[in-house]
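J.: no FASTA, just this:
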Ligand SMILES: Nc1ncnc2c1ncn2[C@@H]1O[C@H](COP(=O)(O)OP(=O)(O)O)[C@@H](O)[C@H]1O
Ligand SMILES: [Mg+2]
């Protein structure tokens, strides 16, 4: 489903970060990417999510080059196919949980039926993640662990094929980290979402089925 070939990326201040990296991911896989701070994990996820471009190399999603897309096509690729979660929850403070979750839908021109279907899907996800009761609350009224679960639901409301999670448990205590890790694996299995998780946590990495280490700009098993 996703294929990265010979990816090079450098930053002027830092030099080479990704050094001819290649990676192949099949639909429904769950993979962990570990590696020291500054090894390029976020850079790699940003390239997969087309938030950033490599200096050279190719990225194929379902055999289509995402690097040769126009900006509109690229935005569509991101909205339709990719969900993101990051270390910090990034919920909008003036919107309720429900409004935050439904926000990605406003990036689309959708019919009322499509909206209703998406809302139904959001309710199922809220139930799965155990936060149905929070829908009317504002971000300041919920805990960090709960907020991260809201972010997870928001990332999935458009039914992406791939979820990119960048240190998703980095700000959570161990109980909430473990809960989020379990939820991620359940969603991978139940919904068939392809999971790519960059993490420092061996516990979270251990829950994925394929493991890679990013070192010296390359991935190794
Ligand atoms: N936009 C940028 N401009 C300059 N340097 C960057 C930028 N993004 C990342 N870097 C540098 O690239 C290296 C890899 O960063 P990053 O991908 O964030 O690593 P990780 O997520 O593994 O900690 C770091 O040295 C970082 O400072
Ligand atoms: Mg990072």
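T.: In hand now; what should we look at? In this text, all values refer to a predicted model and were calculated from it rather than measured experimentally. Ligands and ions are numbered 1, 2, ... in the order given.
J.: taking this protein, what residue is nearest to ligand 2?
T.: residue 42 (3.2 Å; CB to the ion). (Glycine included, C-beta is placed from N, CA and C.)
J.: now do the SS call for that residue.
T.: Using DSSP: H, G, I helix; E, B strand; the rest coil as the criterion, the local structure at residue 42 reads helix.
J.: that one contacts residue 164, doesn't it?
T.: No - Residue 42 is beyond contact range of residue 164, at 9.9 Å (criterion: CB atoms under 8 Å).
J.: neighbour count for those two, which is higher?
T.: A side-by-side neighbour count of residue 42 and residue 164, using other CB atoms under 10 Å, places residue 164 first with 24 against 20.
J.: for the closest residue in space to residue 115 that isn't next to it in sequence, give me the pLDDT.
T.: Using CB to CB, 6 or more residues apart in numbering and skipping the chain neighbours, the partner closest in space to residue 115 is residue 105 (6.2 Å). pLDDT recorded at residue 105 is 81.
J.: to what extent is residue 105 buried, counted in neighbours?
T.: Residue 105, neighbours per other CB under 10 Å, totals 16.
J.: which bits of the chain sit near ligand 2?
T.: 41-42 (CB under 5 Å from the ion).
J.: measure the residue nearest the centre of the chain to residue 53 for me?
T.: By CA atoms, centre = their mean, the chain has its centre lying nearest to residue 164, at 2.2 Å. Between residue 164 and residue 53 the distance, using CB to CB, to the nearest Å, works out to 16 Å.
J.: could you do residue 150 as well?
T.: Relative to residue 53, residue 150 is positioned 30 Å away (CB to CB).
J.: same check on residue 61?
T.: According to CB to CB, residue 61 stands 14 Å off from residue 53.
J.: ok, those two, which is more surrounded?
T.: Using other CB under 10 Å as the criterion, residue 61 and residue 53 rank with residue 61 on top: 19 against 15.
J.: wait, what's in contact with the more buried one?
T.: Residue 61 makes contact with 1-2, 77, 81, according to CB atoms under 8 Å, 6 or more residues apart in numbering.
J.: which pair of those residues spans the longest distance?
T.: 1 and 77 (12.8 Å; CB to CB).
J.: thought the residue nearest to the centre of the chain was touching residue 84?
T.: Yes - counting by CB under 8 Å, residue 164 does reach residue 84; the two are 5.2 Å apart.
J.: mind listing the shared neighbours of those two?
T.: Residues touching both residue 164 and residue 84 (CB under 8 Å, 6+ apart) are residue 49.
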